[in-house]
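Chemist: sequence and computational prediction follow.
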Amino acid sequence: MKSPANPSDRPPSWAVSFLEWFCPDELQESILGDLLEQFDQDRDHLGRRRARQLFALNVLRFFRPSLIARNQFNLPFMHTGILKNHLRVAFRSMKRYTFYSLVNLLGLSLAIAFVFLAVRFIDTELSYDRFHTRKDRIFRLTSQSRNPETGIENPASAITAIPLARDMAADFADITDFTRLGSGTATLTIKGEPYQESVSYADPGFLRMFDFPMPEGDRQTALSTPGTVVLSREKADKYFGNEPALGQFIAIRFNDTAVNLKVTGVIDPLPEKSSLTFDFLTSMDLLRAIVGEETYNSYNYGILENYVLTGGQYPAETLGRMMSEAPQVRPDETNGRSEIGLQPLTSIHLNDHVTGNARFTSPRKLYIMAALVLLVIVIAVINFITLSTSHALNRIREMGLRTSFGAVRRQLRRQMVAESFFLTLAASMAGILIAVAILPYFSTLVGIRVPASLSLRELAFILVIDLMIGWVTGSLQAFFLLKNNIRNALQGQVRIRSANAPLNKVLLVIQFALSILLISGAAGIRLQMRYVQNKDLGFEAERLLEISMNSSPDQESARQLVERFRNLALQDDRILAVSASMNSAREPWTRLMFDQEAGPPEGLFYNQVDPAYLRTMGVELVAGTGFHETDANPGDGILVNEAMVRHFGWKNPLEARIPGKEFSKPHRILGVVRDFHFSSLHQRIEPLILALDLGSISSGITGLNTYVWPSNLYQLEVRIGPGALEGALRFLEQAWKKAAPDKAFVYHFVDESLEAGYADDLRWSKVMDAAATFAVVIAWLGLLGLMRLSIQRRVREMGIRKVLGASYTGIAGLLSGQYIALIAAGAAIAFPAGWWLMQRWLASFSYRVELSPLLFLFSGFIVLLLSLGSLWLQALKAAMADPVETLKGE
């Protein structure tokens, strides 16, 4: 019987589908036949609307929950014989339609490979610091101030006062153990040779609280006495080789004094998933001797991190509030402006809102990676669905034959779902192999070692994706195939056309939009990185060298060392200038706090320099005079930058003074220097003080936030002229050995150090490039298969047009029109979304590139070029075929 043309003359399709889902196969035909017969009678006597309502009601009356249970636990699909048959048919189908199967397999394999890599990366980032057995009770103390006038909270900092954890442990019984952790560079003498290394300072509780593997030494006593040091396995092997490291001595220099440290422990290779890293871990008593008693016991100087182990009596928030009210933290109303917080150990790595020395990363990385996974898998699934459903119409006669031999719709649907699932499973296995092959490159790309092993949870995640893709795709194929009349299919009267064209068009528009979005995002990040690398920093970073002075000597010793080295270095014409300063381009600069008569304290950056600093750095003086290079007498003069002038609104900065209620000594602003970047372009240029000595402003300082202290000259800056660098570096090393024979020659180029500050952004630029490449290749593969299928179905039409005189380009252009419209629709979605997302990402930079519409037009053009290029190549190939043979074949 011919199906009614008017949909209202037929029973509700959802009711028919629901009946087919729960009704057993052996009863389905008879029950559905009776219901359809009753529907025809009701339609003739009661009308269409009432008949459709009664049909749905009758279907619901037949429904029994026991039928679902019986179907679930007695599925023919689960029988071994049925599975073998499905697998055999799927293999034959893949073999017969090799091109489409390979396109689907390759596209989905690339997507699964990307998912595998991303899931491993996300799991690695989420598992930092979780190897410690007491991880849930270890907290890092933070300090956060609030503007008393506006109520706005300043960013929290984990760089806190040295005595904080010690005093809190003494006052609060719930704190069962504590440790401080600070670090700095120092000159170590090992077996008579000087080396510069990063040295960390900690309390004995460090080895008790944290479960770093320590096969050599006693963790209970290794740091309990002064003059002890614990080494990492890497440094123990480097400096002592096959000799036992325990009991060896290492000399460390500070304040022109050498102290021998005894090796009392060796830590096995530190776990890679640790926020805390160290190579030389020595006792806190050494830091006490370096900074002096005043700084060691003062709450005004934040130079290290404090950790506590709690007993769990109070929640972390409650304990933090109790600490904030402690008299040591709030000695009076003036200083009672900071709140103490307890940051869980396991949250340190994925928290970029708290500044500190521990390794951390932005949680945005995980969000970005998860979003990229979603975009890539959506593109792959769209590919799989569009190509599978379009290609499925080629099998309509096969389905008709199966139906004529007794196959019911449920069996055909299972067959299609099984074929899709087998294909996705094969794609997953191939994708995992691809991922393992490129894993080393991916680890380099994201900057961490990503292990290849998969957990059961991750395997289950990939399997669920396979099941979902297989079920959705197979069900859609069955839907589009089984909606056709079987008799017409066998007689060849069903037109193989895009019965699912509306769905395909929607999916293609989404695919084009996502591809354009990823390309524009990758291109936008690249533009910002190029802007960062080429921006004028306000000083000349190229051919500028920094040499660490490797110690914390007194002021006079530092100046003498600078002069000795300068006199030796300037004997070579290749060395243009030599200067010295307190802060390095590789580290955050010192920030001093100045209390005000009214309002919140002012935080101003500070750098102690020598008179030749401006000339060596290439910093421009815009007002007043600089330091006289022939007179090293500090006096009371300072220099400020333009940001300082704007910050305080000075009309005549040379007559101004830094506001502050604690100043007891006068200071003079000698000049104003042009703004230059002393931190990354993520931060705006802050007010800065340059001074030859801290004395001119020391009386106004009421606190600081840094680990470079006390104020002194720690870095040498050397300007090298044009020519080969190798010879100049050899000369500088010889000059250094003469000026400081007991110190290691350790240097770095300023431009390379600044570029290293953007290494994370550059890595993520490459990650975006990789994701965009994956997505575009996957989309292009699917589009290639879809276009080939579309052209094959219009071969007869193309042959007729060619006979009637149509040109090759005319035929290709005819086929291009619909895809141009779809790409335009995708671009209309992608352009505003991409603009908004790029603006959100660029907001993390205080200095950023201006987005241009050309960026998005370029992304759309790439997608258009790839799509139409593929289409034209296939269309021209088909159009050049002999029309006689084409029509004869039809």
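Modeler: Looks like it came in fine. Numbers count the residues shown, from 1 in each chain.
Chemist: okay, CA-based contacts and neighbour counts for the rest of this
Modeler: Will do.
Chemist: which residues of the stretch 551-700 of the chain score low on pLDDT?
Modeler: 551-553, 599, 630-635, 661, 664 (pLDDT under 70).
Chemist: where exactly do the helices run in it?
Modeler: Using DSSP state H, counting those that start in this stretch, the helices found in the stretch 551-700 of the chain span residues 555-569, 613-617, 642-648.
Chemist: from the chain's centroid, how far away is the second one?
Modeler: Pointing back at helix 613-617 there. 37 Å (C-alpha atoms, centre = their mean, to the nearest Å).
Chemist: show me what that helix is packed against.
Modeler: strand 575-581, strand 715-720 (3 or more C-alpha pairs under 8 Å, 6 or more residues apart in numbering; DSSP states H and E).
Chemist: if we go to 7 Å?
Modeler: Packing contacts for helix 613-617, counted by 3 or more C-alpha pairs under 7 Å, 6 or more residues apart in numbering; DSSP states H and E, involve strand 575-581.
Chemist: give me the contacts around the strand it packs on.
Modeler: 562, 566, 569-570, 607-610, 612-613, 616, 713-721 (C-alpha atoms under 7 Å, 6 or more residues apart in numbering).
Chemist: buried residues, stretch 234-244. List them.
Modeler: Burial within stretch 234-244, assessed by neighbour count using 16 or more other C-alpha atoms under 10 Å, is assigned to Lys235, Ala236.
Chemist: show residues contacting it.
Modeler: Under C-alpha under 7 Å, 6+ apart, the answer for stretch 234-244 is Ala245, Pro269, Asp279.
Chemist: which one of those sits closest to Pro204?
Modeler: Minimum distance to Pro204 across the contacts of stretch 234-244 is 16.2 Å, recorded for Asp279 (C-alpha to C-alpha).
Chemist: residues touching that closest one, list them.
Modeler: Per C-alpha under 7 Å, 6+ apart, neighbours of Asp279: Val199, Leu231, Ser232, Lys235.
Chemist: now rank those residues by neighbours and give me the top one.
Modeler: Tallying neighbours with other C-alpha atoms under 10 Å puts Leu231 at the head of those, with 24 neighbours.
Chemist: give me the beta-bridge partners of it?
Modeler: Taking DSSP bridges as the rule, Leu231 bridges to Val266, Phe280.
Chemist: and it, what is it in contact with?
Modeler: Here Leu231 is in contact with Gly265, Val266, Ile267, Asp279, Phe280, Leu281 (criterion: C-alpha under 7 Å, 6+ apart).
Chemist: could you dump these to TSV with pLDDT?
Modeler: Shown next, in TSV, are those (pLDDT from 0 to 100):
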residue	pLDDT
Gly265	93
Val266	94
Ile267	93
Asp279	92
Phe280	94
Leu281	94
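Chemist: biggest separation within these, which pair?
Modeler: Within the contacts of Leu231, Gly265 and Asp279 form the most distant pair, 11.6 Å apart (C-alpha to C-alpha).
Chemist: need the helices of the stretch 551-700 of the chain in CSV with distance to Arg50 and mean neighbour count, can you?
Modeler: Shown next, in CSV, are these (distance: least, C-alpha to C-alpha, whole Å; neighbours: other C-alpha atoms under 10 Å):
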stretch, distance to Arg50, mean neighbour count
helix 555-569, 99, 17
helix 613-617, 89, 20
helix 642-648, 78, 16
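Chemist: any chance of those helices in JSON lines, plus distance to Ile112?
Modeler: Listed next are the helices of the stretch 551-700 of the chain as JSON lines, based on distance: least, C-alpha to C-alpha, whole Å:
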{"stretch": "helix 555-569", "distance to Ile112": "58"}
{"stretch": "helix 613-617", "distance to Ile112": "51"}
{"stretch": "helix 642-648", "distance to Ile112": "50"}
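Chemist: element containing Ala251?
Modeler: Ala251 belongs to strand 249-254 when elements are defined using DSSP states H and E.
Chemist: show me what that strand is packed up against.
Modeler: Using 3+ C-alpha pairs under 7 Å, 6+ apart, strand 249-254 is in contact with strand 175-190, strand 257-267.
Chemist: how many other residues sit next to Arg61?
Modeler: Count around Arg61 with other C-alpha under 10 Å applied: 9.
Chemist: so how far is Phe55 from it?
Modeler: 10 Å (C-alpha to C-alpha, to the nearest Å).
Chemist: ok, now Gln715?
Modeler: Separation of Gln715 from Phe55 (C-alpha to C-alpha) stands at 87 Å.
Chemist: ditto for Leu561
Modeler: From Leu561 to Phe55 the distance is 98 Å (C-alpha to C-alpha).
Chemist: need the three-state assignment for the residue nearest to His677 when sequence neighbours are not counted.
Modeler: Spatially, and ignoring its direct neighbours in sequence, His677 is nearest to Leu537 (5.3 Å; C-alpha to C-alpha, 6 or more residues apart in numbering). In three-state terms, and counting by DSSP: H, G, I helix; E, B strand; the rest coil, Leu537 is coil.
Chemist: does Leu537 touch Phe676 like I think?
Modeler: Yes - assessed by C-alpha atoms under 7 Å, Leu537 is found in contact with Phe676 at 5.5 Å.
Chemist: by mean pLDDT, flag the weakest helix or strand of the chain.
Modeler: helix 65-73 (a mean of 51; mean pLDDT, DSSP states H and E).
Chemist: outline the domain layout of this structure.
Modeler: 7-74, 77-128+362-495, 135-348, 500-536+758-890, 551-745 (automatic domain parsing).
Chemist: for the ones you listed, which one sits closest to Arg543?
Modeler: Across the domains of the chain, Arg543 has its closest neighbour in domain 551-745 (5.5 Å, C-alpha to C-alpha).
Chemist: packing partners of the longest helix belonging to the chain?
Modeler: In the chain, taking DSSP state H as the definition, the longest helix is helix 409-446. Using 3+ C-alpha pairs under 7 Å, 6+ apart, the elements in contact with helix 409-446 are helix 80-96, helix 98-126, helix 456-482, helix 759-793.
Chemist: rank those by pLDDT, which is bottom?
Modeler: Per-stretch mean pLDDT for the helices and strands packed on helix 409-446 is lowest at helix 80-96 (a mean of 66).
Chemist: could you list the residues in contact with the helix or strand where Ala289 lies?
Modeler: Assigned by DSSP H and E, Ala289 belongs to helix 284-291. Residues outside helix 284-291 that contact it (C-alpha under 7 Å, 6+ apart): Tyr201, Ala202, Asp203, Pro226, Phe254, Tyr296, Pro710.
Chemist: any idea how far the fourth one is from Phe254?
Modeler: Plainly put, Pro226 is 15 Å away from Phe254 if you go by C-alpha to C-alpha.
Chemist: more neighbours: those two, which one.
Modeler: Between Pro226 and Phe254, counting by other C-alpha under 10 Å, Phe254 is the more crowded of the two (20 against 14).
Chemist: gap between the more buried one and Val777?
Modeler: Per C-alpha to C-alpha, Phe254 is found 58 Å from Val777.
Chemist: ok, and for stretch 14-24, which residues are buried?
Modeler: Those would be Ala15, Val16, Leu19, Glu20, Trp21, Phe22, Cys23, for stretch 14-24 by 16+ other C-alpha under 10 Å.
Chemist: this completes my enquiry, with thanks.
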